[in-house]
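[1] What follows is a predicted protein model with its sequence.
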Amino acid sequence: MNKKKGIVYLVGAGPGDASLLTLKGLWCLEHADVVVFDRLACEYMLTFCRPDAELIYVGKATDKHTLTQEEINSLLVTKASEGKVVCRLKGGDPFVFGRGGEEAASLADKGFPFEIVPGVTSAVAVPAYAGIPVTHRDYASAFNVITGHRRSDTGPVSLKKDGEATAIYLMGYKNLNVIISGLLDEGWSGETPAAVIRWGTRADQQTVVGTLANIQGLSRKEDCGPPAVLVVGNVVALREKLQWREKQPLFGKRVLITRPRHQARELAQEIILQGGEPLCLPAIELRPVSGYSFDFSQLPSYDWLIFTSANGVSFFLEQLRVKKIDVRCLRGKLAAIGPATAASLEKYGLQVDFIPGKYHAESLLEGLQELIPPGGRVLIPRAHGARDVLPEGLMSLGVQVDILSLYRAVPAQKSREWMSRLMTDTDIDYLTFTSSSTVRSYMSLCASEEVSPLPSECRVACIGPVTAATARELGLFVDIVAEEYTGAGLLEAIIADARGEK
């Protein structure tokens, strides 16, 4: 039997904003056995990977490499030789100063198939996010893209003066002085508008505007270093009118999400739309409880099924699927603790009969005691170790309550390797918790990795009072508690805080 041959997709991740990933790139992430990603790829994109995918960080900063380029080439060949589907996630476009050509050549030399998935290049996207069009009918009819960082034995390319063209230098901050001198020598005026844009398209994008004569001094004064794009030309003058990125409510803010990757997407996408940058560090992973004792043939006898989380819905309906039980056997009424849980039920065509006004167990109990008479029979599918406020409260009213523990939340061990790098190398503005289990597991991971649980100047935001109480019990100062206990409510509270609203 012939051994399966792997394939490598060289995928352009875009310049930083995860929403700029292409549909083909997304498909590659969703289907890859192995994802090899670098420093300029947004980690939020990893939420689209399969749970069992192998994630390998090969980040490279100037003169500081996790792996050398030759080692990365070898890694791709090795994984392909194992028959794996490999997604090589590269910042920007793999064939625009991304050394994707070298990686593709290495695979071709070894006889392994590969595909190129172009990405949005920083040469165009970064100026756009700074409000600078690279062409404009009144200012520039062409643009040139030049690398500012060539092989160590050669200097950056100089560009002859062309009043109709914009000059764009990528990776040029280290050689900024040489680049500027070269342009001046080629006839460019020192009064030509120029901009240095650092971390373009990300939440911490920094833009410094000046002239060719003073841009180096201004950028150093503003501590604007690499990675940066240099834009030179009359189009830079349009930034004053066209800048838009800085006006978004979460511009400049990084938000750490601690819920499981597959559940982090919706909140992360909303953070991106508001101009922020989501950082996904799953504190928990959900595992099915094995060996539980429950007679599923009794399902039709329950008057109410009460769901206290969207996860409970997913695990319960998965058990029905595995056991080939028709969902139409659920004759009782359905209660959900909040709109997200209700939406999970409605995805399966199950209409919810009751949602409390406030989305916590106490409010759920208060509402149900008016609806379920003594002697009524209730099933609560939930997580192992969940709070007993609801079942104990119902039982005290004479309701027959059965608890079906289907899953447990445990510390996400896969996050340990990311935690130290993320918590020490990244500025974080908001640390979010969406359940007590995320708080407990996050603190456990921090202790195991010996990192501070609260980065400097980071604010803690909790989805509701129960989660906030757990955070305080474990020694965290809670700055923000959402008034509406949902992901949308949490985001709204963070935006209000970022705006300085009380």
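    Looks like it came in fine. Residues are numbered from 1 along each chain as shown.

[2] I'd like the next helix or strand past the worst-scoring helix or strand of the chain on mean pLDDT.
    Taking mean pLDDT, DSSP states H and E as the measure, the chain has strand 64-65 as its least confident helix or strand, at a mean of 56. Following strand 64-65 in sequence order, the next helix or strand is helix 69-81 (DSSP states H and E).

[3] Go ahead and measure how far that next one is from the middle of the chain.
    26 Å (C-alpha atoms, centre = their mean, to the nearest Å).

[4] can you check stretch 356-376 too?
    Using C-alpha atoms, centre = their mean, the offset of stretch 356-376 from its chain centre is 36 Å.

[5] So what would you say the end-to-end distance of stretch 114-131 is?
    Distance between the boundary residues of stretch 114-131 (C-alpha to C-alpha, to the nearest Å) amounts to 36 Å.

[6] State the mean pLDDT of that stretch.
    Stretch 114-131 shows a mean pLDDT of 97.

[7] how about that stretch: buried residues?
    114, 116-131 (16 or more other C-beta atoms under 10 Å). All C-beta spots, glycine's among them, are computed from the backbone N, C-alpha and C.

[8] With stretch 410-425 instead?
    Of the residues in stretch 410-425, those buried (16+ other C-beta under 10 Å) are 411-412, 415, 418-419, 422-423.

[9] Repeat that for stretch 107-115.
    Buried, per 16+ other C-beta under 10 Å, within stretch 107-115: 107, 112, 114.

[10] Name the residues that touch that stretch?
    5-10, 76-77, 80-81, 104 (C-beta atoms under 8 Å, 6 or more residues apart in numbering).

[11] Let's verify residue 324: helix, strand, or coil?
    coil (DSSP: H, G, I helix; E, B strand; the rest coil).

[12] distance of it from residue 296?
    Taking C-beta to C-beta, to the nearest Å as the measure, residue 324 falls 10 Å from residue 296.

[13] okay, these two: which has more neighbours?
    residue 296 (11 against 6; other C-beta atoms under 10 Å).

[14] Can you verify my assumption that that one contacts residue 325?
    Yes - in this structure, residue 296 is within contact of residue 325 by C-beta atoms under 8 Å, at 5.7 Å.

[15] Mind listing the shared neighbours of the two?
    Contacts common to residue 296 and residue 325, judged by C-beta under 8 Å, 6+ apart, are residue 319.

[16] Break this structure down into its domains, please.
    7-119, 124-243, 254-283+412-498, 287-411 (automatic domain parsing).

[17] so where do the helices sit in the stretch 51-200 of the chain?
    69-81, 100-110, 122-129, 176-185 (DSSP state H, counting those that start in this stretch).

[18] I'd like to know which of these is closest to residue 373.
    helix 122-129 (59.6 Å; C-beta to C-beta).

[19] Can you check which strand is longest in this structure?
    Ranked by number of residues, the top strand in the chain under DSSP state E is strand 400-411.

[20] for it, packing partners?
    strand 284-288, helix 310-322, strand 377-383, helix 389-395, helix 436-449 (3 or more C-beta pairs under 8 Å, 6 or more residues apart in numbering; DSSP states H and E).

[21] what comes up buried for the second one?
    By neighbour count, with 16+ other C-beta under 10 Å as the criterion, the buried positions of helix 310-322 are 310-317, 319-320.

[22] Going along the chain, name the strands of the stretch 1-150 of the chain.
    7-12, 34-37, 54-57, 60-61, 64-65, 85-90, 114-117, 142-147 (DSSP state E, counting those that start in this stretch).

[23] residues in contact with residue 287?
    407-408, 410.

[24] Any idea which of the residues you listed the model trusts least?
    Within these, residue 410 has the lowest pLDDT, namely 89.

[25] didn't that one look like it was pressed against residue 441?
    Yes - the pair residue 410 and residue 441 passes the contact test of C-beta under 8 Å, sitting 7.1 Å apart.

[26] shared neighbours of the two, anything?
    Residues touching both residue 410 and residue 441 (C-beta under 8 Å, 6+ apart) are residue 284.

[27] ok and the helix or strand hosting residue 365 relative to strand 377-383, angle-wise?
    Here residue 365, judged by DSSP H and E, is contained in helix 361-368. Between the axes of helix 361-368 and strand 377-383, defined by axes from the mean of the first three to the mean of the last three C-alpha atoms, to 10 degrees, the angle is 160 degrees.

[28] And the contacts of helix 361-368?
    Contacts for helix 361-368 (C-beta under 8 Å, 6+ apart): 304, 306, 308, 335, 337, 354, 356-357, 387, 389-390, 393-394, 466.

[29] Out of those, which two sit at the greatest distance?
    The largest separation in the contacts of helix 361-368, counting by C-beta to C-beta, is between 304 and 466 at 22.1 Å.

[30] Of the two, which one has the most company?
    Each of residue 304 and residue 466 has its neighbours counted (other C-beta under 10 Å); residue 304 has more, 21 against 18.

[31] what's the burial count for the nearest residue to that one once chain neighbours are set aside?
    If the residues on either side of it in the chain are set aside, residue 304 comes closest to residue 378, at 4.7 Å by C-beta to C-beta, 6 or more residues apart in numbering. Neighbour count of residue 378, defined by other C-beta under 10 Å: 23.

[32] partners of residue 378 in the sheet?
    Beta-bridge partners for residue 378, by DSSP bridges, are residue 304, residue 401.
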